[in-house]
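**Q** sequence-free structure coming up:
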């Protein structure tokens, strides 16, 4: 028995010595070249891999790093401490970026039938500027941080001047006569628009707003409110009007919320808005909605703010205050295309709260809408209808 155990021990020992010698023996020396790139090329990220930036844009912490000029910047405002119902929109920027990963934007990438182009076709430089570190404990400080961050980004030099096909879009409206970058902000609850409008006012003066939402967000602060209570995601437009940040030619789209009464619409009018209800899309059609928005805005500088709850919760459930009977994602996208050529100075998408999402559909929808923002800001006019098997005669008959 002992002899048998001894034989096993000697065999195992010899095996270990052999393995130790194998690993201590110098391997063949590395001679030249890079085994990966020589065989497979660059280390390109997959649609589902790599650092998380919007549509795989280049990423910089732009508040401290001004080394990379850009024409349109993406920035996250992870703030949700002024919500009235379900919180969670502080995670919206992450969810929207995650929803964008399947749709990288680069040269020759991003073309769609709907636009007949890609956002990358117009000579503009895109940059993801990361998220602003916003206080979750002090709303007054948080609003100040957002204004300072947005104003910092607005002051950056644009890149597009180096491209022959890039067209300036903001110089004519800027108080300093200079071209400024445009920012697409990923919210965050809807209160983030107040500090954004404050920053825009310093560069452009009062602007008009196109506001897509289920709710008015023009309610007056309640009597007896503290200074912080006055500013929330249902009152920020009223505060903006008090401060003279708005023109009197703004417009809502998709409204369908419950109100205190008809007096809410009267107050909404004093803030400077007209109302397009969710049901108007059935009564008047998409083309008339687009027409009325364009008539209302005219050639003034305009800011676009889109609350994801303008979309019906069956298609975008992850939001703080869902309201049934909303527009479809296709209807929203169609309206956005129809607004191309207006003088946009910025845009946002807000109230994405991914804790309430189902299979990421809200984050994906929000990311796709941001893609439409980019094209909408860069083309001179709405794209023509897709032709395919159709003809001009078909289009005339449809009209």
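**A** Structure received. Quick caveat: nothing in here was measured; it's all calculated off a predicted structure.
**Q** ranges for the strands of this protein?
**A** 72-77, 126-131, 182-187, 208-212, 250-255, 273-277, 301-307, 343-350 (DSSP state E).
**Q** Next, format those strands as JSON lines and append mean pLDDT.
**A** Shown next, in JSON lines, are the strands of the chain (pLDDT from 0 to 100):
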{"stretch": "strand 72-77", "mean pLDDT": "98"}
{"stretch": "strand 126-131", "mean pLDDT": "97"}
{"stretch": "strand 182-187", "mean pLDDT": "98"}
{"stretch": "strand 208-212", "mean pLDDT": "98"}
{"stretch": "strand 250-255", "mean pLDDT": "98"}
{"stretch": "strand 273-277", "mean pLDDT": "98"}
{"stretch": "strand 301-307", "mean pLDDT": "98"}
{"stretch": "strand 343-350", "mean pLDDT": "98"}
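**Q** what are the ranges of the helices in the stretch 1-150 of the chain?
**A** Assigned by DSSP state H, counting those that start in this stretch, the helices in the stretch 1-150 of the chain fall at 2-24, 35-40, 92-99, 139-154.
**Q** Touching the shortest one from outside, list them.
**A** Where contact means CB atoms under 8 Å, 6 or more residues apart in numbering, the residues beyond helix 35-40 that reach it are residue 43. Quick note: C-beta positions are derived from backbone N, CA and C, even for glycine.
**Q** tell me which residues of that helix are tucked away?
**A** Neighbour counts using 16 or more other CB atoms under 10 Å place no residue of helix 35-40 among the buried ones.
**Q** now residue 324: how far from residue 148?
**A** Distance, residue 324 to residue 148, using CB to CB, to the nearest Å: 38 Å.
**Q** Compare the two (neighbour count), which wins?
**A** residue 148 (15 against 10; other CB atoms under 10 Å).
**Q** ok, so what distance separates the more buried one from residue 132?
**A** Distance of residue 148 to residue 132, given as CB to CB: 9 Å.
**Q** Could you do residue 346 as well?
**A** 15 Å.
**Q** Who has more neighbours out of those two?
**A** A count of neighbours by other CB under 10 Å puts residue 346 above the other of residue 346 and residue 132, at 31 against 25.
**Q** okay but that one is in contact with residue 200, surely?
**A** Yes. With contact defined as CB atoms under 8 Å, residue 346 counts as touching residue 200 (6.4 Å).
**Q** Now the common contact residues for the two.
**A** Common neighbours of residue 346 and residue 200 (CB under 8 Å, 6+ apart) are residue 303.
**Q** so where's the stretch 151-300 of the chain shaky on pLDDT?
**A** 161 (pLDDT under 70).
**Q** in it, which spans are helices?
**A** Using DSSP H, counting those that start in this stretch, helices in the stretch 151-300 of the chain cover 193-204, 227-230, 236-242, 263-271, 280-283, 286-297.
**Q** dump the residue contacts of residue 78.
**A** Contacts of residue 78 were listed using CB under 8 Å, 6+ apart, and they are 90-94, 131-132, 134, 188.
**Q** ok so, going back, redo the helices of the stretch 151-300 of the chain as a markdown table? Include mean neighbour count.
**A** Shown next, in a markdown table, are the helices of the stretch 151-300 of the chain (neighbours: other CB atoms under 10 Å):
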| stretch | mean neighbour count |
| --- | --- |
| helix 193-204 | 23 |
| helix 227-230 | 13 |
| helix 236-242 | 23 |
| helix 263-271 | 15 |
| helix 280-283 | 14 |
| helix 286-297 | 17 |
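**Q** what's the closest of these to residue 115?
**A** Comparing the helices of the stretch 151-300 of the chain against residue 115 with CB to CB, the closest turns out to be helix 286-297 (15.3 Å).
**Q** What is the closest one packed up against?
**A** Packing partners of helix 286-297 (3 or more CB pairs under 8 Å, 6 or more residues apart in numbering; DSSP states H and E): strand 208-212, strand 250-255, strand 273-277, helix 329-338.
**Q** rerun at 10 Å
**A** Secondary-structure packing of helix 286-297 (3 or more CB pairs under 10 Å, 6 or more residues apart in numbering; DSSP states H and E): strand 208-212, strand 250-255, strand 273-277, helix 280-283, strand 301-307, helix 329-338.
**Q** Neighbouring strands of the second one in the sheet, and parallel or not?
**A** Each strand paired with strand 250-255, and its direction, by DSSP bridges: strand 208-212 (parallel), strand 273-277 (parallel).
**Q** still on that earlier bit, closest to residue 176 out of the helices and strands packed on helix 286-297?
**A** Closest among the helices and strands packed on helix 286-297, using CB to CB: strand 301-307, at 13.7 Å.
**Q** so how far is the closest one off the chain centroid?
**A** 11 Å (CA atoms, centre = their mean, to the nearest Å).
**Q** That one packs against which elements?
**A** strand 182-187, helix 193-204, strand 208-212, strand 250-255, helix 286-297, helix 329-338, strand 343-350, helix 361-378.
**Q** Mean confidence (pLDDT) on stretch 357-375, please.
**A** For stretch 357-375, mean pLDDT is 97.
**Q** meant to ask about stretch 86-100, not that
**A** In this model, stretch 86-100 carries a mean pLDDT of 97.
**Q** Which residues belonging to it are considered buried?
**A** 86, 88-100.
**Q** How about residue 299, nearest residue that isn't a chain neighbour?
**A** Spatially, and ignoring its direct neighbours in sequence, residue 299 is nearest to residue 343 (6.3 Å; CB to CB, 6 or more residues apart in numbering).
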